[in-house]
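K.L.:
return a 3D structure for these sequence lines:
(chains A and B)
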Amino acid sequence: MKALIIDDERLARKELGNLLAAHEGITVVGEAANVHEAEVLIAEHHPELLFLDINMPGGTGFDLLERLDHAPQVIFVTAYDEHALKAFAVNALDYLLKPIDPERLAAALGKLRPSGEHAAPGREVLREHDQIFLKDGDKCWFVTLKDVRSFESEGNYVRVRFGDQKPLVLRSLNKLEERLDPLVFFRASRKHIINLRWVEGIEPWFSGGLMVKLKHTGRDGQQESIEVSRRQATRFKDLLSL
Amino acid sequence: MMRWSFLHTPFLNGPRPVYWLMQVMSWSLFVGLFYAWQFINDGSDADVLQLMGMEVFTGISMSHLLRHIILRRSLIHAEFGLLLPQLALYATLLAPIASMVEMLLHDMLLTSYKPLHTEPLLVHLNRAINWGLLFIIWSVAYLAYCYFIINRREEIRNLRLETANRENQLNTLRAQMNPHFMFNALNGIRALVDEDPEQAKRAITQLSAILRNAMASVKRRTVPLGEEIDIVKAYLALESMRYEERLRTQIHVDPSLERNLVPPMLLQTLVENAVRHGIAHLPGGGDLIIDATGAPDATIITVRNSGTYQPSKDPGGIGLQNTRRRLELLYGTAANLIIRQEDGNVVTTVNIPIHELRTPAPLQP
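P.N.:
This is a model prediction of the structure:
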C-alpha cells in the first residue's frame, strides 16, 4: 500500500519512516512538509494512505483533505490535538499520538481496508464505497458515498445529507455531478442530486414533475422528499425502469 | 520620584473623610476634657464655647500643618532611630507658632478677657511646651495610623502579587507542559536517538532544565536576567530541534545586564508566544531576535519575530494580560509592555525597572 507522510517537522517524518520500515505492506512514496507539497505528491503518486499531521504552517491537515476530491485512508499523527480530534466524534477514524507507540501503529495499520477494496485515487468516477471528507466549521466527517441521500445546492455551497447530519460544504453541485457515479446519483433538478438507493416512493407532482420520497424521516417527523423537475422526470423514469 | 509616589495614593491624597473626622473628634474631645477639668477646679467661664472653638481650630490647623511636614519629609519611611528626634524637632518648631496663633485669635476674638500678650514670658513658654507635647503625641498617633494602613495595603499587594505569580506559573506550566511542546519535543528526541545520540542527550538535559525551572519559578519574585536567558536558550534549542532551519534565533544581551533582576518566566512567556503564534505559522520559518539593553534605571528587553500580530486571534492574550499585571504589581506604572507591528515583524518591548516599587501601589489602577 502506497503511503505518504505529511508533517512539518523533519524529525517527526523521519521517526515515522523508521517505524514504518518494519511494516512490509506499507511503501512510503513520499514525504511532505506542508499542504502544498502534499497536494503535488498526491497528484503524482496517488497514495492510498496518508499519515497526516494536523497543525502545520500554511494550512492544517483538514485543509488538505478538504481540497481533495475524495479522501484516501487517513491516519492522523499528532502530538496533542484533543479538540481537533473531537471534531471526528461522529465517525471516529484512527489517529496516533506522538511519540508513536509501535504497537499502536501496528494496530492502526491492521485496521486499514486492504488496498484492492479501496478505489485508487485519481480515478475519475467516485463510486458508492468511496469516501469523501466534509468539513463544516469545526466539525469534520468522513462519509461513504452510499450513506449520502442527497446533495442540495445553496449558493456556492452544497448541503450534504447523511444520517441525521447535513453539513454545508464549499463545493459546486455541477462539479460533483461530473464525478459521481451516474447509475447511483441522479440530478433531480438544478438544486438537487439524489442517491437512487434511498428512493422509497415516487408521486406525480405539478406540471409534469415528480416528488420523490426518501427512506428517511427528519426530526420533525416529516419524510424527506425532493422534487424532480419536469425536464428530468422522463430521464428519471427511464433510469428506474432499467 | 519614589518618595513622592506615596503622595499619589488615594489614602493620603484626594478626599480623606476619615482623617478629618478623626481630627475634629479627637481635638474636640481633648479640648472638651481640658475645659471640663478647668470647670471642676475654677468654676464656669462665660465664653467657654468660643474659647473651646478657638483651641480646636488652632489644634486642627497646626496639626494639619504638621501632617503636611511629615508627608513632605517622608517621615513614614524614615529609620526608627531618626524618627523621634525629627518629630521632636518639628513639634518644637511648631509649638511657638501654635501658641502665637492661639494668642492672636484669643486677643482678637475674645476682647472681654485679659489680652494674652500682656502675660509674662513664662506663661507663653508654658503654653508653647503644652502645644509641643500635644504635637508629639499627635504625630505618634498619626504615624501609627499610617503604618497600619500601609501594612494592610502591603499585605493586599503581596497577596495579589502571589496570586498573579501563581496564575503565571499555571500558565507557564500549561505552556511548558503544553502537551504540544512536550510531546513534540519527546518525539523529536526519539528520532534523534538514532540520528544523533549526543544531541539527543543534550535535548533531554534541556527539557529537564525547562521543567525544573517552570516548577521552581513560583517561589521567586524576581530572578537574574542571566538565569532567565539560560532557560530561554534551552527552550529555543529544543524548538530548533523541531523547526530546524525554520527557526533562526539571535540573542544579544550585554553581559553587564546579567545580574539585573527581572520577573521569572516573563521573557520566557514572550519568546514562547513569538514561536507559537509567529514562526510556527510560517512555512518558510522566520527570525527571532532577543535584545536586552540597559537604561539608567531599567532593563529593556525586545523580542522581535517574523509574523503578523493578530491580537484578536491571540490565545496567548491571557498570558500577556497576566504579564502586564505582574509588571504593574511589582513596578507600578514604571514598567510597560508594548507590542507593535513593524514591517514583517512583531516587536514586543518590555521596560523593567531596576528597583521594585517600595511603596504600595494604588489599590485600584
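K.L.:
who in the stretch 151-300 of chain B is up against chain A?
P.N.:
Contact residues (CB under 8 Å from any CB of the partner chain) of the stretch 151-300 of chain B with chain A: B:179-180, B:182-184, B:186-188, B:190-192, B:194-195, B:241-244, B:280-283. (C-beta placed from N, C-alpha, C; glycine too.)
K.L.:
and those residues, which of them are buried?
P.N.:
Among those, those buried by neighbour count (16 or more other CB atoms under 10 Å in any protein chain shown) are B:180, B:182-184, B:187-188, B:190-192, B:241-243, B:280-282.
K.L.:
just name the closest of those to B:Asp297, please.
P.N.:
Of all these, B:Ala280 has the smallest distance to B:Asp297: 36.0 Å, by CB to CB.
K.L.:
which residue, other than its chain neighbours, is closest to that closest one?
P.N.:
Excluding its sequence neighbours, the residue lying closest to B:Ala280 (CB to CB, 6 or more residues apart in numbering or on different chains) is A:Pro57, at 6.2 Å.
K.L.:
wait, the one you found touches B:His277, no?
P.N.:
No - assessed by CB atoms under 8 Å, A:Pro57 is found out of contact with B:His277, at 11.6 Å.
K.L.:
which ones are touching the residue of the stretch 251-365 of chain B found nearest chain A?
P.N.:
Proximity of the stretch 251-365 of chain B to chain A (CB to the nearest CB) peaks at B:Pro283, 4.0 Å away. Residues in contact with B:Pro283, defined by CB atoms under 8 Å, 6 or more residues apart in numbering or on different chains, are A:8, A:33-34, A:36, A:57-58.
K.L.:
please apply the same query to B:Glu102.
P.N.:
By CB under 8 Å, 6+ apart, the contact set of B:Glu102 is B:54-55, B:58, B:116, B:127, B:131.
K.L.:
inside helices: which ones of those residues?
P.N.:
B:54-55, B:58, B:127, B:131 (DSSP state H).
K.L.:
where does the stretch 1-150 of chain B have low pLDDT?
P.N.:
The model of the stretch 1-150 of chain B has pLDDT under 70 over residues B:1-15, B:44-46.
K.L.:
mind listing the helices for it?
P.N.:
B:2-5, B:17-42, B:48-72, B:80-109, B:121-176 (DSSP state H, counting those that start in this stretch).
K.L.:
and the helix or strand following the longest one, what does it pack against?
P.N.:
The helix or strand immediately downstream of helix B:121-176 is helix B:179-195, counting by DSSP states H and E. In terms of contacts (3 or more CB pairs under 8 Å, 6 or more residues apart in numbering or on different chains; DSSP states H and E), helix B:179-195 is packed against helix A:10-20, helix B:197-216, helix B:225-243.
K.L.:
other residues contacting helix B:179-195?
P.N.:
Contact with helix B:179-195 is made by A:9, A:11-12, A:14-15, A:18, A:55, A:79-80, A:97-100, B:175-176, B:199-200, B:203-204, B:207, B:238, B:241-242, as judged by CB under 8 Å, 6+ apart.
K.L.:
so the residue of the stretch 251-365 of chain B closest to chain A, which state does it fall into?
P.N.:
Assigned with DSSP: H, G, I helix; E, B strand; the rest coil, B:Pro283 falls in the coil class.
K.L.:
for B:Ala335, grab phi and psi.
P.N.:
Dihedral angles phi and psi of B:Ala335 (degrees, to the nearest 10) take the values phi -100, psi 150.
K.L.:
actually A:His23, not the one I wrote
P.N.:
According to degrees, to the nearest 10, A:His23 has phi -110, psi 110.
K.L.:
which strand or helix spans the residue nearest to it when sequence neighbours are not counted?
P.N.:
Once flanking residues are discounted, A:His23 sits nearest to A:Leu109: 5.8 Å by CB to CB, 6+ apart. Per DSSP H and E, A:Leu109 falls inside helix A:102-110.
K.L.:
figure out how far that helix is from the centre of its chain.
P.N.:
With CA atoms, centre = their mean, to the nearest Å as the basis, helix A:102-110 stands 23 Å off its chain's centre.
K.L.:
and that helix, what's buried?
P.N.:
A:105, A:108-109.
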